[in-house]
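**Q** model the structure of this input:
(chains A and B)
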Amino acid sequence: MIRLHFFGRLSDLATQVPSRCAGETPHAIRQWLAEDFPELAVQLNEPQVLVSVNHCIVDWQTPLTDGDEVAFLPPVTGG
Amino acid sequence: MLTTLRIQAEDFDLAEQYSLLRSSSPATTEIGAIVTFTGLVREFEPRSRDHNDDGGALDGMRLQHYPGMTEKLLQGIIDDAAQRWPLLAVTVIHRVGHLVLLALVVYAVPNSLPNLKLHCRQQAKF
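**A** Residues are numbered from 1 along each chain as shown, chains lettered A, B, ... in the order given. As a prediction, the model looks like this:
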């Protein structure tokens, strides 16, 4: 199973999302989320949203393996 | 290189951190300069000083972080700086949680040679 984390405004839209799921890539998980959480999916499709696997920013097509930790990160500004 | 990296909700004392770094550096006689960078909570846009989207002035912010990844990224910045300059010691403290306006957010201290201090200051972006 893949462990899921959502941050910032994404976490407000993901309160009902299971903490673990199956999925071959972050892109596949995003598609799966769109079925039950369309509002969240809209946000996840924003180009500024980043995805990390095991604390490293990765491409959405990165292959996942059992036990991986996937986090969806909203745009961050500051300075 | 002596490295201190902390992610914390608690406030901290700049003078205390400065003294700690200076006294604990492994080669105190080789220190040529201590360069600091301090980040503060501020209004993002000048026009929002009086009102934000909710109609009120900003009084603070909540800074969320991703334990594990935050430390990894900050350590990467420290490693990058160490590759560029002969640093003797570095202290980075980054606060998280609810931070009031003008609260300290980031304190970074690249402790290096004097001719590098300007470059360190220019590159210390978090």
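**Q** what about the closest residue to B:Lys72 other than its chain neighbours, how many residues nearby?
**A** Computed as C-beta to C-beta, 6 or more residues apart in numbering or on different chains, the closest residue to B:Lys72 that is not its neighbour in sequence is A:His55, at 5.1 Å. To be clear about C-beta, it is placed using only N, CA and C from the backbone, and glycine gets the same treatment. Look at A:His55: counted by other C-beta atoms under 10 Å in any protein chain shown, it has 15 neighbours.
**Q** what's the answer for B:Gly68, then?
**A** For B:Gly68, the count of nearby residues is 13 (other C-beta under 10 Å).
**Q** now it: how far from chain A?
**A** Separation of B:Gly68 from chain A (C-beta to the nearest C-beta, to the nearest Å) stands at 5 Å.
**Q** mind listing what that residue touches?
**A** A:His55 (C-beta atoms under 8 Å, 6 or more residues apart in numbering or on different chains).
**Q** how deep is the nearest residue to B:Leu63 once chain neighbours are set aside tucked in, by neighbour count?
**A** Using C-beta to C-beta, 6+ apart and skipping residues adjacent in sequence, the residue nearest B:Leu63 is B:Val96, 4.8 Å away. Residues contacting B:Val96 under the criterion other C-beta under 10 Å number 16.
**Q** please enumerate the strands of chain A.
**A** For chain A, the strands defined by DSSP state E occupy A:2-6, A:20-21, A:50-53, A:56-58, A:69-73.
**Q** how about JSON lines for those strands, with mean pLDDT and mean neighbour count added?
**A** Output for those, formatted as JSON lines (pLDDT from 0 to 100; neighbours: other C-beta atoms under 10 Å in any protein chain shown):
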{"stretch": "strand A:2-6", "mean pLDDT": "96", "mean neighbour count": "18"}
{"stretch": "strand A:20-21", "mean pLDDT": "93", "mean neighbour count": "12"}
{"stretch": "strand A:50-53", "mean pLDDT": "95", "mean neighbour count": "19"}
{"stretch": "strand A:56-58", "mean pLDDT": "93", "mean neighbour count": "13"}
{"stretch": "strand A:69-73", "mean pLDDT": "96", "mean neighbour count": "20"}
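**Q** and those strands as JSON lines, adding distance to chain B?
**A** What follows is these, written out as JSON lines (distance: least, C-beta to the nearest C-beta, whole Å):
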{"stretch": "strand A:2-6", "distance to chain B": "7"}
{"stretch": "strand A:20-21", "distance to chain B": "17"}
{"stretch": "strand A:50-53", "distance to chain B": "6"}
{"stretch": "strand A:56-58", "distance to chain B": "8"}
{"stretch": "strand A:69-73", "distance to chain B": "6"}
